[in-house]
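**Q** For reference, the sequence and a predicted model appear below.
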There are 2 protein chains.
Amino acid sequence: MSAPNAFYAQSGGVTAVINASAAGVIEESRRNPQQISKVFAGKNGILGALNEELFDTSLESDSDIAALKHTPGGIFGSCRYKLKSLEENRAEYERLIEVFKAHDVGYFFYNGGNDSADTCLKVSQIAKTMGYPLKAIHVPKTVDNDLPITDNCPGFGSVAKYIAVSTLEAGADVKSMAETSTKVFIIEVMGRHAGWIAAAGGLANPDIILFPEVPFDQSKFLAAVDSAVKRQGHCIVVASEGAQNADGSFLAESGTVDAFGHKQLGGVASTLANMIQSELGHKYHWAVADYLQRSARHLASQTDLDQAYAVGAEAVKYAIAGKNAVMPAIIREPGETYAWHLEMAPLSKVANVEKILPKEYIREDGYGISDAGRKYLQPLIFGEASQPYKDGLPIHANLKLKLIPKKLG
Amino acid sequence: MSAPNAFYAQSGGVTAVINASAAGVIEESRRNPQQISKVFAGKNGILGALNEELFDTSLESDSDIAALKHTPGGIFGSCRYKLKSLEENRAEYERLIEVFKAHDVGYFFYNGGNDSADTCLKVSQIAKTMGYPLKAIHVPKTVDNDLPITDNCPGFGSVAKYIAVSTLEAGADVKSMAETSTKVFIIEVMGRHAGWIAAAGGLANPDIILFPEVPFDQSKFLAAVDSAVKRQGHCIVVASEGAQNADGSFLAESGTVDAFGHKQLGGVASTLANMIQSELGHKYHWAVADYLQRSARHLASQTDLDQAYAVGAEAVKYAIAGKNAVMPAIIREPGETYAWHLEMAPLSKVANVEKILPKEYIREDGYGISDAGRKYLQPLIFGEASQPYKDGLPIHANLKLKLIPKKLG
């Protein structure tokens, strides 16, 4: 009897390095052919399992799999699809197990954030209930950096590096033009619920950071902007898309309407810019990094890339060792020099627990990061991951992505 | 009698590589101490000359000057300040000459775009009229890529690379999420008057490019977006900030008002996104690269960097050879393999002439670049300029920037 197959799926918002985790899973599986026959990957994440659309990664060459390490996005497709609770939709979980059974899948690697950790745990439970032998291992990934136990989440370090570098570079631009041109520059960054990414901007020493965790105070903000402009001629602002008023409403939803009276979904940056324009009159510019920040593999953190690969490979080791309902967590070692290793964390302690940005990482005035915040963040952006190029453009993996024949209806 | 000094100034919007041109001017001057004593740099461009605020670059170490090659922004400060015509403000030109005379400046290197080429020419003329011996050489720079004679402008290649790479990377992100999430992604790029930068996005093969040169047709655009989404599940749009309606009005000015009825200065990307949302209902995301695109030294084109340095150094050679009112122009050599050299162009043929994006670089349907456009653009993004880092962040030059004592009132 041959070894069982594995199923790997990408979940939720993708990152610059999620495909490195895929490479970790697939390459480590290939190193253990006695334990794992083939790795199937879900087309568009868990939907691929539900729809029995499984890519056969065994048809991909070693070099094509290695190329995943320098390919952003989710190569197999990801999805925003949260399975309901077992009580609400047991049939969906049973369908998963049916598909796994049909394709002799004994290992389930789920690469995602909080929701997928929860799903992974539930799948392991339903498999047990149904008497199906399955090892379900979660592979952490999220630019939101909000998973517990793990010191940080693969994907975050590269966004952090992108935002820090971009803020530094744009700051140099604004500084040189401020005498006769733009005086205030705002960069809007991701993080609807937590200020982890905004905090990363702090590594570039902007004048003001707006965190979701600190209620927005318009007059205090405008005074801080004006003070920076008067003191040094310019002001650099990093604004989280999740910045909010004291009443909990998002700044981005402060309500603009188009010429026809339709409500416009604005951004934080443009809202702040208009505020600065009308109250202070300073010339401004703003940028919205949006997906650029989480897909910028060309500027990925080597530390992040290493960790993303490592959690993928480690997950396979756990599975082969017979572990179930666990996740590799990144543990920061004590000492001044940054070092890390992986430890096994039970999913029961990960699922549905959100790690928030510690208050002590935010500077007392609420507009910057503290020394503790800097100490936490800085090592996560260490190192520049190499990226091969051809004709001036990045070379990305070009997989065959061949689906295996369906066996079920 | 010692050799005369040189004056160097940065003008207009800065680029990721304008400081490489500064390094070219200063290093080439240092290689010719018999001809050029010191290089002074204007604090905030030409304003530095008018205000007699001159940085003494001779106080900077060789390694600090070399570091300019990997430092974005304008290290000496730039400005948006256009001298009026000789007739309107002759006194301002005479003031320049007075300052040059006071500090024994025999060479004027002006690093900018169209306006500064014109200023440089006028300064050379007034010097002649006043009997002051001055060699005025223009050093081309502009992300707008609109200078004539030169095949391309230093600064443009790096923006082109940034937009092409960013579009490619974000495209990979969107493609992987489209099944259950974002289906349309819009990246807004610079180029108020010409579509050179938007065209560069074409190197990443987006589905739609909106050029300022092609009048916007809403129903045709929406049909193209919908068709891409239906065909492949997603649509990537590169939109020039200068995209405009058939009547010449900018899309970005299509008029939104805030909750208080104030007119909002919107962006093209958000305007298009709202249009797509209300007419097609597709989930969208948008990014505005803004200054990030012209300050991204971390992703600079090696070709661009080489050319930016070369035009600076060449300008010094022209000056030493006694040339006046000229500019080094980049000449593309014939043949399949990209090669270039510099040739001297008279400023009389450069000033006030704008090179527009040729119609034949735009694809017939108006939504992409042609093979000719690709052939022109691709070599300009060749090569990845190295960038030193420390603790995960780029190392930028840290100059002393010491002003020389004033001699005038």
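**A** Noted; the coordinates are in hand.
**Q** excluding its backbone neighbours, what's nearest the closest residue to chain B within the stretch 151-300 of chain A?
**A** Residue nearest to chain B within the stretch 151-300 of chain A (CB to the nearest CB): A:A172, separated by 3.2 Å. No exception for glycine: its C-beta is placed from N, CA and C like everyone else's. Counting by CB to CB, 6 or more residues apart in numbering or on different chains, B:G73 is the residue found nearest to A:A172 once chain neighbours are left out, at 3.2 Å.
**Q** before we move on, back to that, these two touch, right, the residue of the stretch 151-300 of chain A closest to chain B and B:H396?
**A** Yes - taking CB atoms under 8 Å as the contact criterion, A:A172 and B:H396 are neighbours in contact, 6.4 Å apart.
**Q** Identify the contacts common to those two.
**A** B:71-72 (CB atoms under 8 Å, 6 or more residues apart in numbering or on different chains).
**Q** Neighbour count for these two, which is higher?
**A** A:A172 (26 against 21; other CB atoms under 10 Å in any protein chain shown).
**Q** how distant is the helix or strand hosting the more buried one from the center of its chain?
**A** Using DSSP states H and E, A:A172 sits in helix A:156-177. Mean-position distance between helix A:156-177 and its chain equals 19 Å (CA atoms, centre = their mean, to the nearest Å).
**Q** and the next element down the chain from it?
**A** On the C-terminal side of helix A:156-177, the closest following helix or strand by DSSP H and E is strand A:184-189.
**Q** Does that next one reach chain B?
**A** Yes - counting by CB under 8 Å from any CB of the partner chain, chain B has neighbours in strand A:184-189: A:185, A:187.
**Q** now what about that strand, what contacts it?
**A** Outside strand A:184-189, the residues that reach it (CB under 8 Å, 6+ apart) are A:163, A:166-167, A:170-171, A:173-174, A:197-198, A:200-201, A:225, A:229, A:234-241, A:267-269, A:272-273, A:276, A:280, A:282-289, A:293, B:291-292.
**Q** Distance of the residue nearest to A:A172 relative to A:K230?
**A** 21 Å (CB to CB, to the nearest Å).
**Q** So between these two, which is more surrounded?
**A** Under the neighbour definition other CB under 10 Å, B:G73 and A:K230 were set side by side, and B:G73 has more, 29 against 10.
**Q** In contact with that one, which residues?
**A** For B:G73, the set of contacting residues under the criterion of CB under 8 Å, 6+ apart consists of A:169, A:171-176, B:14, B:18-19, B:295.
**Q** Out of those residues, which comes closest to A:M190?
**A** Top of the list for closeness to A:M190, among these and by CB to CB, is A:E169 at 18.3 Å.
**Q** Contacts only, for the closest one.
**A** When the contact criterion is CB under 8 Å, 6+ apart, the partners of A:E169 are B:16, B:72-73, B:292, B:295-298, B:394.
**Q** thinking again about what came up before, for the helix holding A:A172, what is the average pLDDT?
**A** Mean pLDDT, computed over helix A:156-177, is 98.
**Q** follow-up on the earlier one: out of the contacts of B:G73, which are buried?
**A** With neighbours counted by 16 or more other CB atoms under 10 Å in any protein chain shown, the contacts of B:G73 contain buried members at A:169, A:171-176, B:14, B:18-19, B:295.
**Q** before we move on, the earlier item: that's a strand at the residue nearest to A:A172, yeah?
**A** No - using DSSP: H, G, I helix; E, B strand; the rest coil, the secondary structure at B:G73 is coil, not a strand.
**Q** and A:P133, how many neighbours does it have?
**A** Neighbours of A:P133 under the rule other CB under 10 Å: 12.
**Q** meant to ask about A:S386
**A** A count of nearby residues for A:S386, using other CB under 10 Å, gives 13.
**Q** Nearest residue to it in space, please, no chain neighbours.
**A** In space, A:S386 is closest to A:H70, 7.4 Å off (CB to CB, 6+ apart).
**Q** what's the answer for A:S348, then?
**A** A:L121 (6.5 Å).
**Q** Any idea how many residues pack against that neighbour?
**A** Based on other CB under 10 Å, the number of other residues close to A:L121 is 24.
**Q** what do you get for A:E364?
**A** The number of residues packed around A:E364, counting by other CB under 10 Å, is 7.
**Q** give me the element A:D115 is part of.
**A** In the assignment (DSSP H and E), A:D115 maps to helix A:114-129.
**Q** which is the next helix or strand following that helix?
**A** Downstream of helix A:114-129, the first helix or strand assigned by DSSP H and E is strand A:135-140.
**Q** Would you confirm that A:H285 belongs to a strand?
**A** Yes - the secondary structure assignment for A:H285 places it in a strand, going by three-state DSSP.
**Q** Report the contact partners of it.
**A** By CB under 8 Å, 6+ apart, the contact list for A:H285 reads A:174, A:182, A:184-186, A:273, B:290-291.
**Q** who does it bridge with?
**A** Per DSSP bridges, residues listed as beta-bridge partners of A:H285: A:F185.
**Q** Can you give me the distance of it to B:A170?
**A** Here the distance between A:H285 and B:A170 works out to 20 Å (CB to CB).
**Q** What of A:P334?
**A** The gap separating A:P334 from B:A170 is 39 Å, by CB to CB.
**Q** Then A:V17?
**A** Spatial separation of A:V17 from B:A170 under the definition CB to CB is 15 Å.
**Q** Looking at these two, which is more packed in?
**A** Taking other CB under 10 Å, A:V17 and B:A170 do not tie; A:V17 has more neighbours (34 against 29).
**Q** pretty sure that one is touching A:Q302, no?
**A** No - in terms of CB under 8 Å, A:V17 does not count as a neighbour of A:Q302; the distance is 10.1 Å.
**Q** any common contacting residues for the two?
**A** Common contacts of A:V17 and A:Q302 (CB under 8 Å, 6+ apart): A:A385.
**Q** Next, the residues that contact stretch A:353-362 from outside, please.
**A** Identification of contacts with stretch A:353-362 by CB under 8 Å, 6+ apart yields A:114, A:145-148, A:193-196, A:199, A:211, A:213-214, A:368-370, A:372-373, A:376-377.
**Q** Any chance of a PyMOL selection covering the buried ones in these?
**A** The following PyMOL line selects those of these that are buried, judged by 16+ other CB under 10 Å:
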select buried, chain A and resi 114+145+146+147+148+194+195+196+199+211+213+214+368+369+370+373+376+377
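**Q** which residue does the stretch 1-150 of chain A bring closest to chain B?
**A** Closest contact between the stretch 1-150 of chain A and chain B, by CB to the nearest CB, is at A:G73 (3.2 Å).
**Q** residues near A:N205, how many?
**A** As a burial measure, A:N205 scores 15 neighbours (other CB under 10 Å).
**Q** quick revisit: generate JSON lines for the contacts of B:G73, with distance to A:I404 as supplementary columns.
**A** Rendered in JSON lines, the data for those read as follows (distance: CB to CB, whole Å):
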{"residue": "A:E169", "distance to A:I404": "46"}
{"residue": "A:G171", "distance to A:I404": "50"}
{"residue": "A:A172", "distance to A:I404": "51"}
{"residue": "A:D173", "distance to A:I404": "51"}
{"residue": "A:V174", "distance to A:I404": "53"}
{"residue": "A:K175", "distance to A:I404": "56"}
{"residue": "A:S176", "distance to A:I404": "56"}
{"residue": "B:V14", "distance to A:I404": "54"}
{"residue": "B:I18", "distance to A:I404": "54"}
{"residue": "B:N19", "distance to A:I404": "54"}
{"residue": "B:S295", "distance to A:I404": "47"}
